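got a sequence here, can you build the structure:
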Amino acid sequence: MRTGDPLPALGDVLAALDTGLWHWDTAAGLVTVDAVAARLLGLPAEQVTLTEAQVRSRLHPVDWNEITGVVRLAVAEDTLAEVRIRIMDDQKRVLRVVRSRSKPAFDRARKAYVLTGTLQEVAEPRPGTPAARSAVTGDWRRSREAFLLDAGRALAEARSTQEVLRVAANLSMPGFSPDGLAVFGVEGDRLTIIGHHGQDPGSERPFTSMSLDTDYPAAEVVRTGRAVYLSSPEQYEDRYPLTWPLAQRFGRQSWAYLPLTASGRTMGAWLAAFAYPVAFTPDERSVLTTVARMLAQALSRAGTAENQRELSEGLQRTMLPELGPGIPGMDIAARYVPTGGGLQVGGDWYDVIPLPGGTSRAKSGGGRFAMVIGDVQGHDVRAAGLMGQLRIALRAYASEGHRPDAVLSRASRFLHGINEADPVELRFATCLYVEVDPVTGVLEVARAGHPDPVIRMADGTVLARPTAGGLPLGIDPDADYPTTRLVLESGETMLICTDGLIETGGHDLETGWRRLRGILEEHVGDQEELADALVQAVHGPSSHHTTGPLVDRREDDIAMMLLSREGEGCGCGATSDTVEPPARRTALTVAQAEPERVSVARQQLRELLHDWSSPDQVDSAVLLLSEMLTNVLVHTDTDALLLAEVTGGGEGRRMRVEVTDAGDDLPHMRRPGELASSGRGLVLIELLAHTWGVDPRGRGKSIWFELYEKEEAGPR
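Down below sits the predicted model:
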């Protein structure tokens, strides 16, 4: 061609270069190709208009999906869309690899993409050819897909902001890896540094608290929501001359600043800096953009989780009391363990309330106080709110000087009133209220649908103390809550807890108590260590070996309190001058209206004698106890009081079982005939007990018997 001759037609030039033209309108769903492009697609060499489905059938499925992603990225960044495409034949074999370059535009009126571009055949790299800083193809493509899967999995598992930053710093991108990373956040109108990697500590100071109006790439990315790619120092200096000196001292050659967008909001920017020149091809930009999106989602999740944890800890500190100074003669330990996941505060709570009529806990001399533990139905924000209200109400009623039964009755009426105001969200609560006299060790217990307290005796024997109880709070505004009196002896420890400590791990009440009983009986150490051991038995590694029989093994909140009365065996650090082995004893009332408590009394006696050497003597003691209690219920109109005690040590231990009632008629020995249905109680006692007797009282009487673990220990 001579100078001055007219230029050849564009189609002739492209045909000479073996380059085809195509036009794609996504609204119409049609693709128009010229003869060269049709031939490259494996069709007859003539201009033709195809449907998207026809074109898609000629391309590799992975490449078709990549085209759509590259097009969106190019429109967002106002750049060319470049991608390599594998052309397939009818047998799904690769015919050739072509490169497509186009300038896409988005038609907002029709909500469609319009593209005009070129197709040109390219040679597939031979195996082993370095893929660094080149277009995505072959093994490089598979490496990139594997990298994105691994990166997505690692970022999804990160649970805190620091973990997210640590994962991002360790990402090794296929073919090109940055050696410097920084994550920028936004506070008001200022840019901040959330974290960085590859720079010396303290080097981030010039970039902290930078105004978003600053002529700096990260600030521009946050303002516009569009990425900034700088392939060379000259390009950086030319585009951002004011802030170039800040970046120059790090000695990098290429920079990519990408927006961190989550839920449609730009929350910051991510910097990937490279020690070598990077062209930032569309494939490389696609990888960086995908990582930035995953990083933004991971940071958003981690931030939400950290805010929830902070809120949970704040609520817990507000709603759960500090135990404060100790009580002379007694020791208290408490634990609260929320379930995993979600808001870490539920409906469980505990409280320690100083009561009127005694000196303050903070002063020497001690004074009466109340221990409260409860569980509001549910594990959500409403349960936590009701828990706070109920705790305040209980504290107010107790501080007014009401007895335990009155405190729970008023609390039930209070919660029932809340339920009436919001009948859609009816909730109830279980509760155990214990009034404690630290001088005498007397415990006044009122129970509202809650698990019974458990006593660990000075010698390690563990007994569940059955107590009278009523309905859970909030069900019946007129519910009655009878009071049970117990005595905490010197060296004994009382455990009260919510059902989460018992039932977590698929346990029911029976198997859950069996698990806790083993911990209580075998523990050696102070009370704080005992509290940790109980929690560890449920949530620690040992829980994997003690799963319960139930299929449903969901976790529940745990609230727990331990109260010890000083003495040898309590684990509270006190010592005793006595050299006698501590006695173990239990007391139980069997009312005329509650004959079913006879079975409870039998179980209490068996637990008291859990380590007795003679099973026959245990059976005899249980039989005689049944006879004595039944006589009271049948032949009098009064209640029966059981007192059982084990004293002594080694093989010379002695058990004494005593039943007291207010009846005036004394029992006497009879000789019933073979067909008589009664009259054998004293005969059995005479035959089975080592010694026994009947003691008249000022009002009523007491019948007792004793058994010796070694017959020589006492008279027959």
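
just the helices from the stretch 501-650 of the chain, written as ranges.
Ranges of helices in the stretch 501-650 of the chain, per DSSP state H, counting those that start in this stretch, are 509-522, 527-539, 597-608, 615-635.

any idea which of the ones you listed gets closest to Ile85?
Set against Ile85 and scored by CB to CB, those come closest in helix 527-539, at 54.5 Å. Just so you know, the C-beta spots here come from the backbone N, C-alpha and C atoms, and that holds for glycine as well.

which neighbouring elements make contact with the host helix or strand of Ala219?
Here Ala219, judged by DSSP states H and E, is contained in helix 217-224. On a contact count with 3 or more CB pairs under 8 Å, 6 or more residues apart in numbering; DSSP states H and E, helix 217-224 meets strand 180-187, strand 190-197, strand 210-211, strand 228-230, strand 254-262, strand 265-274.

and with 6 Å instead?
Helices and strands touching helix 217-224, by 3 or more CB pairs under 6 Å, 6 or more residues apart in numbering; DSSP states H and E, are strand 254-262, strand 265-274.

which stretch among those comes nearest His539?
Counting by CB to CB, His539 lies closest to strand 254-262 out of those; the figure is 32.5 Å.

export that closest one to PDB, keeping only CA atoms.
Extracted in PDB, the C-alpha atoms of strand 254-262 (Å, rounded to 0.1, in the frame of the first residue of the first chain):
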ATOM      1  CA  SER A 254       2.200  -3.100  41.300                       C
ATOM      2  CA  TRP A 255      -0.800  -2.400  43.500                       C
ATOM      3  CA  ALA A 256      -4.500  -3.600  43.400                       C
ATOM      4  CA  TYR A 257      -7.000  -1.700  45.600                       C
ATOM      5  CA  LEU A 258     -10.400  -3.500  45.700                       C
ATOM      6  CA  PRO A 259     -13.600  -2.500  47.500                       C
ATOM      7  CA  LEU A 260     -14.900  -4.700  50.400                       C
ATOM      8  CA  THR A 261     -18.600  -4.800  49.800                       C
ATOM      9  CA  ALA A 262     -21.100  -6.700  51.900                       C
END
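
and that strand, what's buried?
For strand 254-262, burial by neighbour count (16 or more other CB atoms under 10 Å) applies to 254-262.

adding pLDDT, write those residues out as a markdown table.
Formatted as a markdown table, the buried residues of strand 254-262 follow (pLDDT from 0 to 100):
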| residue | pLDDT |
| --- | --- |
| Ser254 | 92 |
| Trp255 | 93 |
| Ala256 | 92 |
| Tyr257 | 94 |
| Leu258 | 92 |
| Pro259 | 93 |
| Leu260 | 91 |
| Thr261 | 89 |
| Ala262 | 84 |
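
ok, which pair from those residues is furthest apart?
So, these by CB to CB: farthest apart are Ser254 and Ala262, at 26.1 Å.

so where do the helices sit in the stretch 101-250 of the chain?
138-157, 161-169, 217-224, 233-239, 244-248.

buried deepest among those, which one?
Burial of those is given as mean neighbour count (mean count of other CB atoms under 10 Å); helix 217-224 ranks first at a mean of 21.

average model confidence for it?
Average pLDDT, helix 217-224: 92.

quick one: that helix to strand 265-274, angle?
If you take axes from the mean of the first three to the mean of the last three CA atoms, to 10 degrees, helix 217-224 sits at 150 degrees to strand 265-274.

what's helix 217-224 in contact with?
The contact list for helix 217-224, computed with CB atoms under 6 Å, 6 or more residues apart in numbering, reads 184, 186, 191, 212, 228, 257, 259, 266, 269.

again, but for stretch 288-295
Stretch 288-295 has contacts (CB under 6 Å, 6+ apart) with 73, 148, 152, 155, 168, 256, 258, 270.
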